[in-house]
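Undergrad: task: produce atomic coordinates for the following.
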Amino acid sequence: QMQLVESGGGLVQAGGSLTLSCAASGRTFSNYVMGWFRQAPGKEREFVAAIKWSGGSTYYANSVKGRFTISGNNAKNTVYLQMNSLKPEDTGVYYCAAERRIYGISVSEDKYDYWGQGTQVTVSS
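TA: Here you go, the predicted structure:
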């Protein structure tokens, strides 16, 4: 089992920044992909960004590319999502997820095995 705990959500004005954290525990993390997803009110959950724990390859949704940065700290078993130039449409519950995968990165939530409880991000206009 892997436990994921998100933190860092909150209320921010448009144009502002937030950094989300996802602390992972319970398993060794090599060969895992760590992803961030979000769900806006009334909408389906969507992929935001992902990083391979080994090697650090990253992938972003087009809607956040150039504004969000995903990174990991192996010593702390923590993944971060730095969010800049936030827009009202970035509002939603942000979830951290983990998928055991050796090659590539998955953007489908169905592929991820472990999920955190989510943290709310609200961007006011």
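
Undergrad: got a list of what the residue minimising distance to the centre of the chain touches?
TA: Geometric centre of the chain, nearest residue: residue 36, 2.1 Å, by Cα atoms, centre = their mean. When contacts are counted by Cβ atoms under 8 Å, 6 or more residues apart in numbering, residue 36 touches 20, 22, 48-50, 70, 79, 81, 94-97. For every residue, glycine as well, the C-beta is placed using N, CA and C.

Undergrad: so which strand or helix has it?
TA: strand 32-39 (DSSP states H and E).

Undergrad: direction included, what does that strand pair against?
TA: strand 46-52 (antiparallel), strand 92-100 (antiparallel) (DSSP bridges).

Undergrad: which of the residues in it are buried?
TA: Under the neighbour-count criterion of 16 or more other Cβ atoms under 10 Å, strand 32-39 has 32-38 buried.

Undergrad: tell me where the model's unsure across this protein.
TA: In the predicted model of the chain, residues 28 satisfy pLDDT under 70.
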